[in-house]
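[1] test case, fold it:
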Amino acid sequence: MATQPRLARFCANGFLPKNIREGARGDDIGLTSYRAFDYKFPIDRSIKSGDEMARFQTAKKAPPPLPAELRDAAIALFAEFGYAATGIREIARRTGLSSAAMYHYLRSKQDLLFELMYDSMQDQFSVARAALESAQDPQGRVTALARSHVLLTASRRLETLVTENEVRSLTGENRQEITALRDEYAALWRAAISDGVAQGIFGVADVKLASFAAIEMCTSVSRWYSPQGPLTPEEISQTYAGFVLDMLRGGGAVSATNKTVDQQKGKAGKSGRVKPPAD
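    Below you'll find the predicted structure:
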């Protein structure tokens, strides 16, 4: 799981002005009126003014990281019953915490959902970028993206179900930020597919639509995969990468149709009559 502190994320994503991130004096930027997601940044020991230090010392700090058992309980319940049908009390009971103790780690159930999705997207980015480092051409990049996506999905099946099904439950800025992250991830696929089209490797007319289809195909593993099944995640990832490449080349459906016709030709014998393949 991603471990970057939530407050640090706000800084890294540009929600805090540069002069705050670099330790500027509070009165240089109107500190008394500045807020970021209702979290005030921790005490900056480089500030010397007593009045400014007093304001920092009374500032509210960001909540501590979510315990693993809380995260796992929330993911399991959201996946099974849905975000809307799961309350803080149910999550608290699953973790053995009191409802009051839950709010030590989060402000609201909406905050929790955002946290889970944000961390999931960050992990997906990390895995995808690591896989792309060894890919040399568009075909290799698509293969790396497909395999890494399937492997991560298989290892975090419930988490993937939540991140896919509950975007609709996010509100306001939370939805905007997660949607932007999803679009940024899809851009990795679009870039690889677009380069493949430009080089004559792929034959799709709509790169954006093709990227959506490829991502959805790989994500669908979360709906049926079981560790008790006959195929390993590695085997599934290899097979799905082949499916994606066939789709992008435009040859998968044609090859299947030709194979069917060839088989029927063999059965037709001397008459030479061939029944068209069924729709």
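[2] quick one: the helices in the stretch 151-279 of the chain?
    Along the stretch 151-279 of the chain, counting by DSSP state H, counting those that start in this stretch, helices occupy 157-165, 172-198, 207-219, 233-249, 252-268.
[3] what residues sit buried inside the first one?
    Within helix 157-165, the residues that count as buried by 16 or more other Cβ atoms under 10 Å are 157, 159-164. Any C-beta I mention is one placed from the backbone N, CA and C, and that applies to glycine too.
[4] picking that back up, which one of the helices of the stretch 151-279 of the chain is the most hemmed in?
    helix 157-165 (a mean of 20; mean count of other Cβ atoms under 10 Å).
[5] what helices or strands is that helix leaning on?
    Applying 3 or more Cβ pairs under 8 Å, 6 or more residues apart in numbering; DSSP states H and E, one finds that helix 157-165 contacts helix 68-81, helix 109-132.
[6] other SSEs contacting the shortest one?
    Spelled out, that is helix 68-81. Packing contacts for helix 68-81, counted by 3+ Cβ pairs under 8 Å, 6+ apart, involve helix 88-95, helix 109-132, helix 157-165.
[7] average model confidence for the shortest one?
    Across helix 88-95, the average pLDDT comes to 91.
[8] quick one: that helix to helix 109-132, angle?
    Between helix 88-95 and helix 109-132, the angle comes out at 60 degrees (axes from the mean of the first three to the mean of the last three Cα atoms, to 10 degrees).
[9] what does helix 88-95 contact?
    Defining contact as Cβ atoms under 8 Å, 6 or more residues apart in numbering, one finds that helix 88-95 is touched by 67, 69-70, 73-74, 76-77, 81, 98-99, 101-102, 109, 112.
[10] go through it and flag the buried ones.
    Going by neighbour count (16+ other Cβ under 10 Å), the buried part of helix 88-95 is 88, 91-92, 94-95.
[11] among these, which one sits closest to residue 216?
    Closest approach between those and residue 216, by Cβ to Cβ: residue 91, at 29.0 Å.
[12] give the contact list for residue 110.
    Under the criterion of Cβ under 8 Å, 6+ apart, the neighbours of residue 110 are 169-171, 174.
[13] again, 7 Å this time
    Listed by Cβ atoms under 7 Å, 6 or more residues apart in numbering, the contact partners of residue 110 are 171, 174.
[14] picking that back up, return the item of the contacts of helix 88-95 having minimum pLDDT.
    residue 99 (77).
[15] I'm done for today, thanks for sticking with me.
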